[in-house]
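A.B. asks: Sharing a sequence plus its predicted fold:
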Amino acid sequence: MTSQNDHYFGLIKLILPEELFDYFELTNVEVQGKQVHVYLEEADEKPAGYEGKKLISKGFHSPVTIQDFPLRDKAMFLHIRRRRWLVESSGQVISRDWNTIAKGTRMTKGFAAFLKGLFGQLPHQQQ
């Protein structure tokens, strides 16, 4: 990672909703002409409710790309990779339940907009 990329990381962390970094890790930032590409991966924390079960990491779902607000006349794209795990005892593949995270928490408008962009609606609005 270059020193310039370190500066980008610091700036991106100031721009994006702070709560985002409770659940995602910033892995890369690329500035390409009139575009800024921000790469985020879901943190390696097992989903709630599976603490007593053996989970095997199964990598990530296909990345989702969200176009965010422009940054200094540059289009900004967030490339998000969500984790998935295999429950060894049942063979079930699971991911973090975003409905659970949204319940009982207060989200900033920025984080709510991020989730709405990621899922098309806020997690608590899903049926």
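C.D. replies: Nice, I can see it.
A.B. asks: same question for stretch 63-70, mean pLDDT?
C.D. replies: For stretch 63-70, mean pLDDT is 83.
A.B. asks: Spell out, range by range, the helices that occur in the protein.
C.D. replies: Assigned by DSSP state H, the helices in the chain fall at 3-15, 20-23, 98-102, 109-119.
A.B. asks: Mean pLDDT lowest where, among the ones you listed?
C.D. replies: helix 98-102 (a mean of 53).
A.B. asks: From the centroid of this structure, which residue is nearest?
C.D. replies: Nearest residue to the geometric centre of the chain (CA atoms, centre = their mean): residue 24, 4.5 Å.
A.B. asks: Who are the contact partners of that one?
C.D. replies: Neighbouring residues of residue 24 by CB atoms under 8 Å, 6 or more residues apart in numbering: 40, 41, 42, 43, 80. (Each C-beta comes from the backbone N, C-alpha and C, glycine too.)
A.B. asks: if I pick the third one, what's in contact with it?
C.D. replies: Neighbouring residues of residue 42 by CB under 8 Å, 6+ apart: 23, 24, 25, 60, 80, 81, 82, 83, 96.
A.B. asks: And the pLDDT at it?
C.D. replies: pLDDT recorded at residue 42 is 93.
A.B. asks: In the chain, mark out all the strands, start to finish.
C.D. replies: In the chain, the segments counted as strands under DSSP state E are 24-32, 35-42, 55-60, 64-71, 74-81, 83-87, 93-94.
A.B. asks: Now render those as TSV, adding distance to residue 5.
C.D. replies: Formatted as TSV, those follow (distance: least, CB to CB, whole Å):
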stretch	distance to residue 5
strand 24-32	6
strand 35-42	11
strand 55-60	21
strand 64-71	16
strand 74-81	15
strand 83-87	23
strand 93-94	33
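A.B. asks: which stretch in the ones you listed has the least confidence?
C.D. replies: Comparing mean pLDDT over the strands of the chain, the weakest stretch is strand 64-71, at a mean of 82.
A.B. asks: Show me what that strand packs onto, helices and strands only.
C.D. replies: Judged by 3 or more CB pairs under 8 Å, 6 or more residues apart in numbering; DSSP states H and E, strand 64-71 is in contact with strand 74-81, helix 109-119.
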